[in-house]
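J.: sequence-free structure coming up:
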């Protein structure tokens, strides 16, 4: 993101970037691209654009004219207050609706439909592209295909009716695209998997999405990708997904499994709500599978975590968790989950890790004894509202979750407060309408159209050095807020755009911090909340040592060392005990 802004500024000096207009009343031959004399097709508008330009499409239907974006940092969007619909057929020769060939491209407030085999294809090396507030539907096979570019963001979109011709149609299929962010999106009525991420991609974040009515899995990290598409140098063990996070998602009515991971490394599945999954002939609530690559050793899962999830299976014959043959080794953790089966009073677990001694139809107690998993998990009705998928009052999931690091929100964007609830919903805040109402694009969360993505991974060290991850490319700055723990937040400062750190100087005490990305449209959701302790500084002067020579000992805290440095006094070597100096 940071490099993209610099590239955009270099490519587009102030007042030189153009707005190019397209309208159904325009003309590709005589039009000039002005508002008064627009072009007739988005394809023509994009062909006439330079790096950094915006192609603004008036409302209406633009059928049969695919778009190829081949300049950097171009924005293609609907005219304010209108919706433009760009479509291609789903039969005949390959006819992807929108091709993205360059970096920093942004698709905003568009309806994009049809296309064979994809509605949108982001090709290799097109880093830093963003699709926001769009409706994408009716693809022959896959709604959005992401082929190896990094830093792609999909925010507040609705992706549906994929696989309209070809079976197994995914909502999004991303291969080896590091740092992909999928946030506040609504995937539904796909005849394959909703969210499908694989190929060795690193640092995927999938959060606050609604996935419903899919014929495959809800969310899948990993598969068995062709080695030609993977980084065999940086990822020699061929892990399919590395350091991915899937959190605060709601998955409802999945014919196969709710959450699946193949051959992954350090992937985390936190606070998801899965309802009525495994309704077909196979699948499970949570499923673990080894990665398999022809000509290479199998890749077992390592260091996966499944915590604070609600898992509701739709039929009696399918398990809550299925650990398949040789699926993992090393540390794998399940804990603080709630399991329930709609088809029977007593659901089961399957442990097939060692094929010769595979065990099926395990009770929770048997599963805990056999695997060491789920020490603090429970079975029984989670008391979910079957329509909204939020927790009913009195749910046993309220206040029963572990508090986790790295995030502090829920599906609705509300702040989680201790004790946390199991599942995507933290009770007590304003709930989103689930499923979203007519005219809502995405889940209805994530801020208004045009607001920036929330920063993440807020950390604080020292006294107090804040750092965070910038997830937006349209912020004007970042607002830092702090409060005394238990108090009310107040703004500390607002930084410039692209900032990722700030040094604050509060007084002693325990302080909460959070950060918002801001622009003229409004604020993002908050980052995760952190607590930082600022100790009291000992005001007494440093003690002079018995060794002479202007040497001072600084026991206790770092603050006297700072004082000595400012006074240019040479400190003695510091030992574990203040009296242990030579």
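T.: That came through fine. Values in this document were obtained by computation on a predicted structure and should not be read as measured data. Numbering: from 1, shown residues only.
J.: Please give the element, helix or strand, for residue 466.
T.: Element membership of residue 466, judged by DSSP states H and E, is strand 465-469.
J.: shaky segments in the stretch 51-200 of the chain?
T.: 92-93 (pLDDT under 70).
J.: who's residue 219 bridged to?
T.: Going by DSSP bridges, residue 219 is paired in beta bridges with residue 195, residue 259.
J.: what's near enough to touch it?
T.: When contacts are counted by C-beta atoms under 8 Å, 6 or more residues apart in numbering, residue 219 touches 193-195, 206, 209, 211, 246, 249, 251, 258-260, 272. For the C-beta atoms, the positions are set from N, CA and C on the backbone; glycine is no exception.
J.: In the stretch 401-550 of the chain, mark out all the strands, start to finish.
T.: With DSSP state E, counting those that start in this stretch applied, the stretch 401-550 of the chain shows strands at 456-461, 465-469, 477-484, 490-494, 501-503, 509-518, 530-534, 543-544, listed in chain order.
J.: If you count contacts, what does the strand holding residue 466 end up packed against?
T.: In terms of contacts (3 or more C-beta pairs under 8 Å, 6 or more residues apart in numbering; DSSP states H and E), strand 465-469 is packed against strand 456-461, strand 501-503, strand 509-518.
J.: related to what we said a few turns ago, for the contacts of residue 219, pick the one with the most neighbours.
T.: In terms of neighbours by other C-beta atoms under 10 Å, the contacts of residue 219 top out with residue 194 at 34 neighbours.
J.: Quick check: that one touching residue 216?
T.: Yes. Using C-beta atoms under 8 Å, residue 194 and residue 216 qualify as a contacting pair, with a distance of 7.4 Å.
J.: shared neighbours of the two, anything?
T.: Residues touching both residue 194 and residue 216 (C-beta under 8 Å, 6+ apart): 170, 254.
J.: Tell me how many other residues crowd residue 507.
T.: Going by other C-beta under 10 Å, the residues that sit close to residue 507 add up to 9.
J.: Now do the same for it: its pLDDT.
T.: Taken from the predicted model, the pLDDT recorded for residue 507 is 88.
J.: these two touch, right, it and residue 536?
T.: No. The criterion here is C-beta under 8 Å, and residue 507 misses it with residue 536 at 9.1 Å.
J.: Quickly compare the strands of the stretch 401-550 of the chain and say which is most buried.
T.: Mean neighbour counts were taken over these using mean count of other C-beta atoms under 10 Å, and the top value, a mean of 21, falls to strand 509-518.
J.: which other helices and strands contact that strand?
T.: Helices and strands in packing contact with strand 509-518 are listed as strand 456-461, strand 465-469, strand 477-484, strand 530-534; criterion 3+ C-beta pairs under 8 Å, 6+ apart.
J.: Can you list the strands that the third one pairs with?
T.: When pairing is defined by DSSP bridges, strand 477-484 lines up against strand 490-494 (antiparallel), strand 509-518 (antiparallel).
J.: Identify whichever of these lies nearest to residue 56.
T.: Shortest separation from residue 56 across the strands paired with strand 477-484 is recorded for strand 509-518, at 23.9 Å, computed as C-beta to C-beta.
J.: and the direction of that closest one versus that of strand 465-469, what angle?
T.: Between the axes of strand 509-518 and strand 465-469, defined by axes from the mean of the first three to the mean of the last three C-alpha atoms, to 10 degrees, the angle is 40 degrees.
J.: how about residue 263, what does it touch?
T.: Applying C-beta under 8 Å, 6+ apart to residue 263 gives the contacts 222, 224, 238-241, 289-292, 298-301.
J.: rewinding a little: can you redo the strands paired with strand 477-484 as a markdown table with distance to residue 307?
T.: Listed next are the strands paired with strand 477-484 as a markdown table, based on distance: least, C-beta to C-beta, whole Å:
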| stretch | distance to residue 307 |
| --- | --- |
| strand 490-494 | 32 |
| strand 509-518 | 22 |
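J.: Which one of the ones you listed lies nearest to residue 326?
T.: Minimum separation from residue 326 across the strands paired with strand 477-484 (C-beta to C-beta) falls at strand 509-518, 42.7 Å.
J.: will you turn the strands of the stretch 401-550 of the chain into JSON lines that also has distance to residue 59?
T.: What follows is the strands of the stretch 401-550 of the chain, written out as JSON lines (distance: least, C-beta to C-beta, whole Å):
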{"stretch": "strand 456-461", "distance to residue 59": "35"}
{"stretch": "strand 465-469", "distance to residue 59": "36"}
{"stretch": "strand 477-484", "distance to residue 59": "32"}
{"stretch": "strand 490-494", "distance to residue 59": "35"}
{"stretch": "strand 501-503", "distance to residue 59": "42"}
{"stretch": "strand 509-518", "distance to residue 59": "29"}
{"stretch": "strand 530-534", "distance to residue 59": "44"}
{"stretch": "strand 543-544", "distance to residue 59": "77"}
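J.: among these, which is nearest residue 63?
T.: strand 509-518 (36.4 Å).
J.: Show me the domain layout of this structure.
T.: The chain breaks down into these structural domains: 1-134, 170-449, 456-534, 543-582 (assignment by automatic domain parsing).
J.: Burial-wise, tell me which of those domains comes out on top.
T.: domain 170-449 (a mean of 21).
J.: got the end-to-end distance for that domain?
T.: 25 Å (C-alpha to C-alpha, to the nearest Å).
J.: Stretch 444-460 now?
T.: Using C-alpha to C-alpha, the end-to-end distance of stretch 444-460 comes to 31 Å.
J.: And stretch 304-324, by the same measure?
T.: The first and final residues of stretch 304-324 sit 14 Å from each other (C-alpha to C-alpha).
J.: Residue 475 versus residue 519, what's the distance?
T.: Applying C-beta to C-beta, to the nearest Å, the value for residue 519 to residue 475 is 5 Å.
J.: residues shared between the contacts of the two?
T.: Contact criterion C-beta under 8 Å, 6+ apart; residues shared by residue 519 and residue 475: residue 452.
J.: circling back: now flag whichever of the contacts of residue 263 is closest to residue 430.
T.: Of all the contacts of residue 263, the one sitting nearest residue 430 is residue 241; the distance, using C-beta to C-beta, is 32.9 Å.
J.: returning to that earlier point: redo the helices and strands packed on strand 509-518 as TSV? Include distance to residue 403 and mean pLDDT.
T.: Converted to TSV, the helices and strands packed on strand 509-518 look like this (distance: least, C-beta to C-beta, whole Å; pLDDT from 0 to 100):
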stretch	distance to residue 403	mean pLDDT
strand 456-461	16	87
strand 465-469	20	92
strand 477-484	18	94
strand 530-534	11	90
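J.: So residue 43, which state does it fall into?
T.: Of the three states, residue 43 takes helix according to DSSP: H, G, I helix; E, B strand; the rest coil.
J.: one step back: so for residue 405, which of the helices and strands packed on strand 509-518 sits nearest?
T.: Evaluated with C-beta to C-beta, the helices and strands packed on strand 509-518 place strand 530-534 nearest to residue 405, the distance being 8.7 Å.
J.: Distance from the chain centre to the closest one, please.
T.: 25 Å (C-alpha atoms, centre = their mean, to the nearest Å).
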